[in-house]
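J.: The following block contains a protein sequence and its predicted model.
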Amino acid sequence: MAATQDKSLETIEEQNRSTDSGARRLQPVEAPARTSSPQAPPPEDLEKSREEEEAAARTAQRKNRLKRIAPLVVVIAALGALLWWLHSRQYEDTDDAQIDGHISQIGSRVAGYITAVNVEDNQEVQAGQVLVEIDPRDYQVALDRANAELADSQAQAAAANYNVPITSVATKSQIESAEADVKNTQSAVAAAHKNLDAARAKVQAAIGNNVKAQNDVQRYKGLVERDVISKQQYDAAVATAQSTAADVQGSQDAVIAAQEGVTQAEARVVQAQANLRNAGTGPRQVSVTQARATSAQSTAAKNRAELEQAQLNLQYTKITAPSHGVVGHRTAEVGQYVQPGQALMSLVDIDNVWVTANFKETQLHHMQPGQPVKIKVDASGREYKGKVLAIGGASGSRFSLFPPENATGNYVKVVQRIPVRIVLDADQNKDHSLRPGMSVEPSVKVR
């Protein structure tokens, strides 16, 4: 208890000394008035008082300097804020942006077994480089068969084309010959009718001569019995009668022959007309021949197309890279059977990348295509230059799978974001360090 009281007394004395020192600092001019004090303070207190006075003086000097500097600092800060505002109002930026690019799905166009896979994941490939090979033997056989079929159809088409002019000329000759035959047979019919008329006239003449000769024989018979004429004259009359009778029979036979000639001539006319009608179908035969030639040519064209398809199918057994890029998500393996359209890997085109920045609709008031852009990449901190290519036709939410439908009564206004396409300036991505999906921060100079 006594120790506690001693400590309390010491604490009170220290407080009194501090109070005295503070009083001396606040009233330095009254210090000489206390020289009449019967007891001088210890040297330690004097040294401590001087240090406290010097510290107070320094503090006052600092406060004075701060008071003088503070207005200048405020002016500089205001000027900086003004400059920052003037500068920032010329730009619109966002952190909702990323690098975009073409990612192609590499697939097979023909079915077959994979015999070789020439790339690995994340491997850089050049345009036209063979990525996957499919067994080509079946497609080589199909190509050989298509070549043979094309050669056969081309030969048939050539023969059909050769027959067209031959058929045309032959048809023309047949028509001309048939027309001539008709004319000739018609002339023969006319001649046969004339011969018939002449034969009939001869029959009449022969009959007249025979009648006269028979009458002469009857008259000469009585005369020879009376010995008016000689026996020789009578015999001559009899001979003449017999001769004229023979002439009648011969002329009648000639008439029959002439009638048969007319009949035969008319039959030949009918035959010639039939031949002419048959020859008249020649142009249709020419058309048929031309149609066959056209069909043969079509068959040859079809076989040529099948040959080209076979050639393409054989080429498709080697799957090549459509562009320079990096392979990713490779699923192709040797021995795997693939179907047409089956995806085997992805190819990222690293030569053609751009930035898709989703700006708030309130930031697009002064934005337009062609404005310069500074693009800062999060991965490297490097800054690229580009320009605005196009501003999206609708907000990103409109392209979502389920666009929002704000029904009456529960509408909440949300600031929409519009996708803006930004392209890099030439030679900005020569090292191909920008890859689709990277986060970037574009800043568009709109004023």
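T.: Sure, I can see it. Numbers count the residues shown, from 1 in each chain.

J.: Summarise which helices and strands whichever strand or helix holds N215 is packed against.
T.: Per DSSP states H and E, N215 falls inside helix 137-225. Here helix 137-225 touches helix 231-280, helix 282-316, going by 3 or more C-beta pairs under 8 Å, 6 or more residues apart in numbering; DSSP states H and E. No exception for glycine: its C-beta is placed from N, CA and C like everyone else's.

J.: Could you check how many residues crowd around the closest residue to A157 other than its chain neighbours?
T.: Of all residues not flanking A157 in the chain, A296 sits nearest, at 3.8 Å (C-beta to C-beta, 6 or more residues apart in numbering). Neighbourhood size, A296 [other C-beta atoms under 10 Å]: 20.

J.: Quick check: pLDDT value at A296.
T.: pLDDT, A296: 83.

J.: what about the nearest residue to R447 once chain neighbours are set aside, distance to V373?
T.: Closest residue to R447 apart from its sequence neighbours, by C-beta to C-beta, 6+ apart: Q90 at 4.4 Å. Distance, Q90 to V373, by C-beta to C-beta, to the nearest Å: 13 Å.

J.: Could you confirm I375 falls within a strand?
T.: Yes. Membership of I375 in a strand is supported by DSSP: H, G, I helix; E, B strand; the rest coil.

J.: Test for you: state the pLDDT assigned to it.
T.: For I375, the predicted pLDDT is 96.

J.: Quick check: nearest residue in space to it, chain neighbours excluded?
T.: Y384 (4.3 Å).

J.: Mind listing residues that contact the one helix or strand that neighbour maps to?
T.: Element membership for Y384, per DSSP H and E: strand 383-391. Here strand 383-391 makes contact (C-beta atoms under 8 Å, 6 or more residues apart in numbering) with 354-355, 364, 367-377, 418, 420-425, 428-429, 434, 442, 444.

J.: cutoff 10 Å now
T.: 354-355, 357, 359, 364, 367-377, 418-426, 428-429, 433-434, 440-446 (C-beta atoms under 10 Å, 6 or more residues apart in numbering).

J.: Kindly give a single PyMOL line that selects the buried subset of the residues you listed.
T.: Of these, the buried ones go into a single PyMOL selection, burial set by 16 or more other C-beta atoms under 10 Å:
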select buried, resi 354+355+357+359+364+367+371+373+375+376+377+418+419+420+422+423+424+428+429+434+440+441+442+443+444+446
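
J.: Among the contacts of strand 383-391, which ones are in helices?
T.: Using DSSP state H, no member of these sits in helices.

J.: returning to that earlier point: please work out the average pLDDT along the strand holding Y384.
T.: pLDDT averaged over strand 383-391 gives 95.

J.: CA atoms only for it, dumped as PDB, please.
T.: Only the C-alpha atoms of strand 383-391 are listed here, as PDB (Å, rounded to 0.1, in the frame of the first residue of the first chain):
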ATOM      1  CA  GLU A 383      -1.000  -1.000 -75.500                       C
ATOM      2  CA  TYR A 384      -2.200  -1.500 -79.100                       C
ATOM      3  CA  LYS A 385      -3.800   0.900 -81.600                       C
ATOM      4  CA  GLY A 386      -6.900   0.300 -83.600                       C
ATOM      5  CA  LYS A 387     -10.100   1.900 -84.800                       C
ATOM      6  CA  VAL A 388     -13.800   1.400 -84.500                       C
ATOM      7  CA  LEU A 389     -15.100  -0.700 -87.400                       C
ATOM      8  CA  ALA A 390     -18.800  -1.100 -86.600                       C
ATOM      9  CA  ILE A 391     -21.400  -0.600 -83.900                       C
END
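
J.: chain center to that strand, what's the gap?
T.: 30 Å (C-alpha atoms, centre = their mean, to the nearest Å).

J.: strands paired with that strand, and their directions?
T.: Paired strands of strand 383-391, with direction, are strand 372-377 (antiparallel), strand 417-424 (antiparallel) (DSSP bridges).

J.: What strand or helix carries the most centrally placed residue in the chain?
T.: By C-alpha atoms, centre = their mean, the chain has its centre lying nearest to P322, at 14.8 Å. P322 belongs to no helix or strand when assigned by DSSP H and E.

J.: distance of it from K212?
T.: Relative to K212, and taking C-beta to C-beta, P322 is found at 119 Å.

J.: do the same with N184
T.: Taking C-beta to C-beta, one finds N184 at 42 Å from K212.

J.: cool, K430 as well?
T.: Where K212 is concerned, K430 sits at a distance of 136 Å (C-beta to C-beta).

J.: So for the nearest residue to L223 once chain neighbours are set aside, what pLDDT did the model give?
T.: Leaving aside its chain neighbours, L223 sits nearest to I229 (4.5 Å; criterion: C-beta to C-beta, 6+ apart). pLDDT recorded at I229 is 72.

J.: ok, I229 touching V217?
T.: No. In this structure I229 lies outside contact range of V217 using C-beta atoms under 10 Å: 11.8 Å.

J.: Now the common contact residues for these two.
T.: Shared contacts of I229 and V217, counting by C-beta under 10 Å, 6+ apart, come down to A236, A237.

J.: wait, P369 sits on V420?
T.: Yes. At 9.2 Å, P369 counts as touching V420 under the criterion of C-beta under 10 Å.

J.: what residue ranges in the stretch 51-200 of the chain score low on pLDDT?
T.: Applying pLDDT under 70 to the stretch 51-200 of the chain picks out residues 86-88, 162-167, 169-172, 176.

J.: switch the cut-off to 90
T.: 51-90, 153-154, 156-200 (pLDDT under 90).

J.: Next: the stretch 301-447 of the chain.
T.: If you take pLDDT under 90 as the line, the stretch 301-447 of the chain has these spans: 380, 395-415, 427, 446-447.

J.: Mind doing that once more with 70?
T.: 406-410.

J.: residues of the longest strand seen in the chain that come out buried?
T.: Using DSSP state E, we find that the single longest strand of the chain is strand 343-360. Buried positions in strand 343-360, judged by neighbour count with 16+ other C-beta under 10 Å: 344-350, 353-359.

J.: Could you dump these into TSV and include distance to A394?
T.: Output for the buried residues of strand 343-360, formatted as TSV (distance: C-beta to C-beta, whole Å):
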residue	distance to A394
L344	35
M345	33
S346	28
L347	29
V348	27
D349	26
I350	29
V353	23
W354	19
V355	19
T356	14
A357	15
N358	12
F359	14
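
J.: ok so, going back, in space, what's closest to the residue nearest to the centre of the chain - neighbours in sequence excluded?
T.: S104 (6.0 Å).

J.: Of all the residues in whichever strand or helix holds that neighbour, which ones are buried?
T.: In this assignment (DSSP H and E), S104 forms part of strand 97-107. The neighbour-count check on strand 97-107 (16+ other C-beta under 10 Å) flags A97, I99, D100, G101, H102, I106, G107 as buried.
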